[in-house]
Every structure is written in structure tokens, then in C-alpha cells.
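1. dropping a prediction and its sequence here:
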Amino acid sequence: MALFNFFSKEKKETLDKGLEKTKESFFNKLARSVVGKSKVDDEVLDNLEEVLITSDVGVETTLKIIEKIEERVSRDKFMGIEELNTILKEEIISLLEENNTSREVNFEIPKHEGHPHVIMVVGVNGVGKTTTIGKLAHQFKQQGSKVILGASDTFRAAAVDQLIIWSERVGVSIVQQGMGADPASVAFDTLESAKAQNADVVIVDTAGRLHNKVNLMNELGKIKRVMDKVVPGAPHEVLLVLDGSTGQNAYEQAKQFAAATDINALAITKLDGTAKGGVVIGISDQMKIPVKYIGVGEAMEDLQPFIRNEFVDSLFS
């Protein structure tokens, strides 16, 4: 069994730094919204609602949070402005806990009756899909797992080349047939090779064309059917990669993919370069699919697990 080793002091510092732009933007807006106020009243709550929505938390999730705070204000009769940060933090954590969309810190790589654990990675071009695969492979290898990559994004030569570069950089095997090959055939060969080599983890890349293309979704279905024939139950994880810097557009992509294929895990990347980190809260709440990883930097180790308490603590630190 391979375990990720979380949450060291260094990883916490990386998370804090990765969320700096989001924190600065959010708390600047929040400070302006309560200027001259001594208590939390209807005007403050209206302003807070606007702050959350413009921070890409999303309308539905924002309304849930505001409703919870309104209940507390009504119950406590008086709530000072100085209490707002603490209460907001508590309600966001509580909301994420209610949805139970976050897994525990230790991500074990399970065996499936002697077969490898198979991850199929999906997402549109430009979201950081290939980089996420490379960083995942590095994490798994660091924990002692034998990893094999499959280059089933055969519609762009660059996609195959990039994955080859990552495989060499990380030091793991790759199965590829070059541009124009049948993606399902590559997936088939990847799983056959993984079984023969007694690999622990297989990560298969897929094409990142526009998410609303029906033929792409049909293709993903074909790849999944072929995988299941080689390794029963595969893919065990369908990981959708989203670009956090696109804010609510990432949420729309998540909805489109979830409607077309069985997504059971999410990775949200590029949070270190954006002030839109609030989208992680909204997606985690609305999708009811675990946000498993977040990207908070360029280094290999900067793909971290999304641990709700750590994330919210960092956001409010």
C-alpha cells in the first residue's frame, strides 16, 4: 500500500503561499464591506453575499453560507463585526463536512484482486491535465508504487510528447503509439503492460477537446469499456482536471463532464496564480464529487490533497 505523506510544515507553507492571491482579494473585499459597522446586520450580510459571489464561491453555495450565518445572528441577537471571520470560517467548514465530499488524508492505492489501480484523467485542453498526471505519478512513485502512464490523448502530437517528457522526468514507464492512434487501443495496451509488469498504478491521459463535443464523450465511453475488459472494474477512478483560475467556468465544465461520464474525483489546478480560489468551495459543495487534489505551485510536490479543514484554515490564516 502506498500512502501520501501529508501535511508537513513545508506543505502547509506551500498551501498558504498558493492561496495568497485569493486571501488578499477576499479579505480586502470583506474589509471594505464592513467599514463603519460594529455589528453584523442585514446590510453586512448583503455585502458579505456579494463578496462571496464575486470571489467565485458560487451563488448557490453563497446562499447556503449566508442562511447559516443569518440563523446564528437571529439566535444570538447581537454579533460583533470582529466575530464575522471566525463564524464565516466555521460555517464554510461545516458546509463542506455536511457534504462529505472530502476524503481522509491518507490516500491508499488499493489492489483490485491482483490488478493495478487504474485512473483515467479527463479535462479540456489547457487546464493542466498532463502536468497533473506527471505530478501524480511522482507522488505515487515517491511512496513506493510502480506507475505506468498511458498516452491516450492521440489527437495532438504535443500531448503525447509532453507525457513522454513527464514520464522521463519522473522516471516511470509509458505506453504510447504516437499521434493518430486509436485511444482505446493505447488504453488496452497500457493495462496489458501494467498487468504483465505487476504495476500498482496506471494513469491514462485522454483527449482534451471541447467538453461539449458528443464524440469526445462517446470516445471516453469506449476507452472505459476496453479498460474494463482488461482489468475488471477499471477505470477505478475518473479524475476530472479543472483550471481554478477560470473561476465559475471551471464549475460549468465540471457539470458538463459529470453529465456525460462518471466522474468520481476532481483536481483543481493553478490556484497559486489566481484570486479565484473560492471556486474550490463552490465546486466541492455543488458537485457532490470529491475534490481530491489542488494545485498550488509549479514544483512536483505542489499538487496537494484537498483537505477541507487545512484549506479553510489556510484561507483564513
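-> Looks like it arrived, so ask away. Numbering: from 1, shown residues only.

2. what helices or strands is the strand or helix carrying residue 149 leaning on?
-> For residue 149, the element it lies in under DSSP states H and E is strand 147-152. Packing partners of strand 147-152 (3 or more Cβ pairs under 8 Å, 6 or more residues apart in numbering; DSSP states H and E): helix 129-142, helix 157-170, strand 173-175, helix 183-196, strand 201-206. To be clear about C-beta, it is placed using only N, CA and C from the backbone, and glycine gets the same treatment.

3. residue 9 is nearest to which of those?
-> Taking Cβ to Cβ, helix 129-142 is the member of the helices and strands packed on strand 147-152 nearest to residue 9, at 17.7 Å.

4. now that closest one - C-alpha only, PDB.
-> The C-alpha coordinates for helix 129-142 follow below in PDB (Å, rounded to 0.1, in the frame of the first residue of the first chain):
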ATOM      1  CA  LYS A 129      -4.100  17.800 -17.300                       C
ATOM      2  CA  THR A 130      -0.700  16.500 -18.400                       C
ATOM      3  CA  THR A 131       1.200  18.300 -15.600                       C
ATOM      4  CA  THR A 132      -1.300  16.900 -13.000                       C
ATOM      5  CA  ILE A 133      -0.600  13.300 -14.400                       C
ATOM      6  CA  GLY A 134       3.100  13.900 -14.100                       C
ATOM      7  CA  LYS A 135       2.900  15.200 -10.500                       C
ATOM      8  CA  LEU A 136       0.500  12.400  -9.500                       C
ATOM      9  CA  ALA A 137       3.000   9.800 -10.900                       C
ATOM     10  CA  HIS A 138       5.800  11.400  -8.900                       C
ATOM     11  CA  GLN A 139       3.700  11.400  -5.700                       C
ATOM     12  CA  PHE A 140       2.800   7.700  -6.200                       C
ATOM     13  CA  LYS A 141       6.400   6.700  -7.100                       C
ATOM     14  CA  GLN A 142       7.800   8.600  -4.000                       C
END
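
5. can you list contacts of it?
-> With Cβ atoms under 8 Å, 6 or more residues apart in numbering as the test, helix 129-142 has contacts from 2, 4, 109, 119, 121-123, 147, 149, 153, 159, 162-163, 166-167, 169-172, 200-201, 203, 205, 208, 239, 241, 267, 269, 293, 295, 300-303.
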